[in-house]
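Q: A predicted structure for the sequence below; I have some questions about it.
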Amino acid sequence: MKRQLDNLAILAVILAVWQGLYLYAGDVAISSPRTTFAYAWGLLSHAPFWSHAAATLLAFVYALAISAVGGIGLGLLLGLRRFAGDVAEPVIASLYTIPKVTLYPVMLLLFGLGLSAKVAFGVIHGMIPVILFTLAAVKNIPPVLLRTARALRLRPLETAATVLAPAVMPEIVTGLRVGFALTLLGVLIGEMFASQRGLGFLIINGINSHDVPMTTSVTLLVVVFAVCANGLMLALDRRVHHGG
Amino acid sequence: MSAGGMSAGGTSAGGMSAPPPRFGRAARVMWTRVAVMAGLVLLLEVLCRTQIIKPLTMVPPSVMAGEMLRLVAAGEITGDIAQTATEVGAAFSVSALAGFVLGALVHAMPRVRRAIDPLLASWYAVPFFVFYPLLVALFGLNALPLIAIGVVFATPAMMLSTIAGLDRVPRVLRKVARVHRMSPVREVALITLPSAAPHLFTGLKLSFAYAFIGVIAGEFILSSGGLGYGIAYAYESFENKRMYALMLLVLLVATGVNGVLQICETRLARRRARA
Amino acid sequence: MSLGAAPHATLRAVTRTYPGARPVHALGPIDLDIARGEFFSVVGPSGCGKSTLLDVLAGLSAPTSGAVAFEGKPVAGQVPEGVGVVFQEDASFPWLSVHDNVAFGLRRAGMDPAETARRVDYAVGFMGLRDFAHAYPAQLSGGMRQRVCIARTLVLQPRLILLDEPFGALDQQTRLLMGDELLRLWRETGATVLLITHALDEAALLSDRVGVMSARPGMFIDLVTTGWARERDSRIVAEAGFGAVTARLWKSLRAESMKAIGHGA
């Protein structure tokens, strides 16, 4: 009960800060919570918004699929081949610290404007954590589990399926959770430059046409989606870690 | 809660803080890495020179490097560098300080900590860049929105690291402080902070990286001066050579500074690791 | 113990050297016969190769030279059927409940579900885990996780049980009680038990025979027969003979231990 009250309190603080900013900066900067909610509701009840949302979702799903499959594949490979993993890991980890925004022009030059560029932006953001978390998961499998598999006389395929896979699963799920958020970020930014469709485009377009309620509402909807999705994945993450 | 998923410390072999490896596996790993990177750069150079990659798409790495050095030497981009550096510096200092103070406060108030836990856990799920336009509308098209995003991005990382560091001060060390009858100030200065130092340093490292990313991305998206803007402008003016030169500069600065911070962090962790 | 019958497991001139830039001669030569149904303990200073001995005997590690046999058949590269191993580290599967952990080996072997359920239920009860059958290892203490590993080995009804310092992380009183459980297990299953331990009193009170290993490279420098009755438990510590056995073990071991930690003998 106390926890729910505290959560409500946090929500109230956020709304208060928002209202405060509105009062300080006025209609030209940000729309009030009430206006925004009404506008957002309006957006959600009409088709045009959803066609943009669908465009974002399409790019996002493609990017996530590539990040997940590619990320897990590479992570497994680098984790199992210890030398390659040791060589590659610091390089991949340092990719985190590069402002990938600076690579966007290269993406645009390589992929042109449109869906492929958006997907590419998403992938360069989202694949890195998936690779790193998978790699770490494989490296950190306690050796005693492998010895146990041998002591139980399991065949190699059995060992992989019933011991190795479940052992690395929790960390991979965490990697996918982080990758999910970053892929979304990448796709949205991609839409801010490379597209005439999608939620990122709606935001930047709203700015250019001084449509403040539009910008604020779409931002709100995106944030709400991101937070809810992350919440679900956190719950999954916790379940998969089995109290560990 | 992973602060964006950056790992603290690379693959450390454990043991004392060692001199750079000359023999053995660690050396082979390092040299292989150098060789692979050099090979990739060489490959890129060849592909560009032989026009397999068209000049309109990419210029050879040697040209990138040359142009970068020329720009720096000629002082053409000193203003941009100064602007970006100031913004990053401001964002980093504010977020490091605020993150540390807030982290310490939250650590000391368990109820507040529990309350904001879900907030911090979803912080890095939010695509913050969508707030740039709003911030511009609020603060104007100057350095403030950039610094603000840098701070918003970097502060929670410092907070989380501070909290983790303070959490991990072994309870027994606090008892040692009482046995020595230390005042609270002395305890914090001589025991708490040194004990939490590795985590605090990790927080600084992450703070810098996030502040850097936030500022550069902001300059790029908002076209407000600095190196990020320089890249966007060069792209739009079809000045490929200049664009790639600036990209290379940003890349080198990011990798360089973070690399140094990473090495320091690994050394610090290695010296402190209980095997 | 049936005298004159063929030994259950044998090691003949077994050595094990770890390869590498500087090869490490970890074990041997070792010659050992373990009788069927015997409770045999191995004690020795740290790093003397006790775990290596277990690995070689179990087939987890191939000997550099010499021969290992179990029930008359050579052991090479693969763990033979009928051998169970409990490791020093926590080997419970964190993603499975206690019940599923214990059932794991049986399910992999394709055992009929009814029989599986019966055996798992018995093992879980035997190891005192009934109240925790649906908990996950992360929610249990170290000692309980070790009991899960023992139960998981138990259900397979191995004829030779190898245990590598299974009670290392436990306090003395719990160790004594777990020792009693191990003896109960031994008597009820009739299995042969090889226990690796660094605790001399534990070896002395639990075993029929104790092998004392030297510092690395580990070789047997003494084999002590305790002569205890099969029906025994931790209260043996009160017997006069107990002190004598422990004293003899320490006499052999003291010099080796000093060597192992770097002092001259």
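A: All right, it came through fine. Residues are numbered from 1 along each chain as shown, chains lettered A, B, ... in the order given.
Q: List the buried residues in the helix or strand hosting C:Pro29.
A: Using DSSP states H and E, C:Pro29 maps to strand C:24-34. The neighbour-count check on strand C:24-34 (16 or more other CB atoms under 10 Å in any protein chain shown) flags C:Ala26, C:Leu27, C:Gly28, C:Pro29, C:Ile30, C:Leu32, C:Ile34 as buried. Yep, even glycine has a C-beta here, placed from its N, CA and C like the rest.
Q: Now do that strand: distance to the chain's middle.
A: 16 Å (CA atoms, centre = their mean, to the nearest Å).
Q: I'd like to know which elements it is packed against.
A: Helices and strands touching strand C:24-34, by 3 or more CB pairs under 8 Å, 6 or more residues apart in numbering or on different chains; DSSP states H and E, are strand C:9-18, helix C:50-58, strand C:65-70, strand C:220-225.
Q: and the first one, which strands flank it?
A: Applying DSSP bridges, strand C:9-18 is found paired with strand C:24-34 (antiparallel), strand C:65-70 (antiparallel).
Q: if we compare those strands, which one ends up closest to C:Arg184?
A: With CB to CB as the criterion, C:Arg184 lies closest to strand C:24-34 of these, at 20.4 Å.
Q: Show me the contact partners of that closest one.
A: The contact list for strand C:24-34 (CB atoms under 8 Å, 6 or more residues apart in numbering or on different chains) reads C:7-18, C:40, C:49, C:52-53, C:56, C:63, C:65-66, C:160, C:192, C:194, C:211, C:216-220.
Q: Apply 7 Å and report the result again.
A: Where contact means CB atoms under 7 Å, 6 or more residues apart in numbering or on different chains, the residues beyond strand C:24-34 that reach it are C:7-18, C:40, C:49, C:52-53, C:66, C:192, C:194, C:211, C:216-220.
Q: Going C-terminal from it, what's the next secondary structure element?
A: Moving toward the C-terminus from strand C:24-34, the next element (DSSP H and E) is strand C:39-43.
Q: List the buried residues in stretch B:160-180.
A: B:Leu160, B:Ser161, B:Thr162, B:Ile163, B:Ala164, B:Gly165, B:Leu166, B:Val169, B:Ala177.
Q: a markdown table for the residues you listed, including pLDDT, distance to chain C and secondary structure?
A: Converted to a markdown table, these look like this (pLDDT from 0 to 100; distance: CB to the nearest CB, whole Å; DSSP: H, G, I helix; E, B strand; the rest coil):
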| residue | pLDDT | distance to chain C | secondary structure |
| --- | --- | --- | --- |
| B:Leu160 | 93 | 22 | helix |
| B:Ser161 | 93 | 25 | helix |
| B:Thr162 | 95 | 27 | helix |
| B:Ile163 | 94 | 22 | helix |
| B:Ala164 | 92 | 20 | helix |
| B:Gly165 | 92 | 24 | helix |
| B:Leu166 | 93 | 24 | helix |
| B:Val169 | 89 | 24 | coil |
| B:Ala177 | 87 | 28 | helix |
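Q: Adding distance to A:Gly73, write these out as a markdown table.
A: Listed next are the buried residues of stretch B:160-180 as a markdown table, based on distance: CB to CB, whole Å:
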| residue | distance to A:Gly73 |
| --- | --- |
| B:Leu160 | 30 |
| B:Ser161 | 31 |
| B:Thr162 | 36 |
| B:Ile163 | 35 |
| B:Ala164 | 31 |
| B:Gly165 | 35 |
| B:Leu166 | 39 |
| B:Val169 | 40 |
| B:Ala177 | 50 |
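Q: Out of these, which comes closest to chain A?
A: B:Leu160 (13.7 Å; CB to the nearest CB).
Q: looking at it, that closest one is touching B:Leu120, isn't it?
A: Yes - B:Leu160 is within contact range of B:Leu120, at 6.4 Å (criterion: CB atoms under 7 Å).
Q: from the helices and strands packed on strand C:24-34, which stretch is densest packed?
A: Among those, helix C:50-58 has the highest mean neighbour count (mean count of other CB atoms under 10 Å in any protein chain shown), at a mean of 25.
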